[in-house]
Structure formats: structure tokens, C-alpha cells
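**Q** what would the 3D arrangement of this be:
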Amino acid sequence: MLAGLTFAGCSTMSDSRADRGTGVAASYAAPFEEVWAALPGLLKELGIRVTGQNANEGYMLVEGGGTMGDSATIYVERIGTKGNSRVEVALKGTLGINLSLGDMPKDVHNRLAMRFKRF
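**A** Residues are numbered from 1 along each chain as shown. A predicted model of the protein is given here:
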């Protein structure tokens, strides 16, 4: 289903799958749909833009405002049966470092924790 799939930039679907498990993760007492819906506005507040997303597979590709080509993948997944979610923020720099998004995992999780209870 292509309706939920949009891409731009240099990151690809296979790149995003390869990054899973390499980021900073936290769990929230909120359903997937609420967390997913909150992310675009939260990222915009942080100066991060969404360049692609796939709700069916639970990831968003994002880029910082800098010119270094820094990117990240944000994974959102359902956990358990009580409507909880896990969010992982995996950074990916073009030179093996990530200059413009270095604080992004902490910033994203802090913003999410202001809306949803962490556990």
C-alpha cells in the first residue's frame, strides 16, 4: 500500500531497517496511533523535518536543519496488549558522525514524556 509511504532525500527503506536497534529507545503508556500522530508536530517544534514515513511499518525518516546531510530514523511500535508504545530514535550521519541531530534522541524523548507517561 503506497498511500502511507512517502520518501525524499538520501535515506532508503533498507537503510531505515538497518538502523533498527542502534538508537535510543523508551516506552510510553500511550497507543501507537497517538504517539505516531504527535510526532510530526513535535519534530517541527524541534526544527526537524520528516522526509518519509511508513505507518504500516512504523518508521519516520527525518533530517536536521543543517547542511551536513544528517538524518535519523524514528521507529514506533506497539508493545503488549494494553495500548503501550516503544519509540526508538536512531541517528545516521553521512560521515559516520551526526552534527546537527546529536541531541535529537534526548530532545524527542523529553518532548514525548511531556505528553505521554514513560515506563
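
**Q** can you pull the contacts of the most centrally placed residue in the chain?
**A** Nearest residue to the geometric centre of the chain (C-alpha atoms, centre = their mean): Ile74, 1.8 Å. Contacts for Ile74 (C-beta atoms under 8 Å, 6 or more residues apart in numbering) come out as Leu39, Leu43, Tyr59, Met60, Val62, Val87, Glu88, Val89, Ala90, Val108. In this view, the C-beta of every residue, glycine as well, is placed from N, C-alpha and C.

**Q** strands - which of those residues land there?
**A** Tyr59, Met60, Val62, Val87, Glu88, Val89, Ala90 (DSSP state E).

**Q** would you convert those residues into TSV that also reports pLDDT, neighbour count and distance to Arg118?
**A** TSV is the format used below for the ones in strands among the contacts of Ile74 (pLDDT from 0 to 100; neighbours: other C-beta atoms under 10 Å; distance: C-beta to C-beta, whole Å):
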residue	pLDDT	neighbour count	distance to Arg118
Tyr59	97	22	20
Met60	97	22	19
Val62	95	27	21
Val87	98	26	10
Glu88	98	22	14
Val89	96	24	14
Ala90	94	21	18
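
**Q** longest helix anywhere in this structure?
**A** Longest helix in the chain, counting residues (DSSP state H): helix 32-45.

**Q** helices or strands up against that one?
**A** Here helix 32-45 is seen to pack against strand 49-54, strand 59-63, strand 71-79, strand 84-92, helix 104-115 when contacts are counted using 3 or more C-beta pairs under 8 Å, 6 or more residues apart in numbering; DSSP states H and E.
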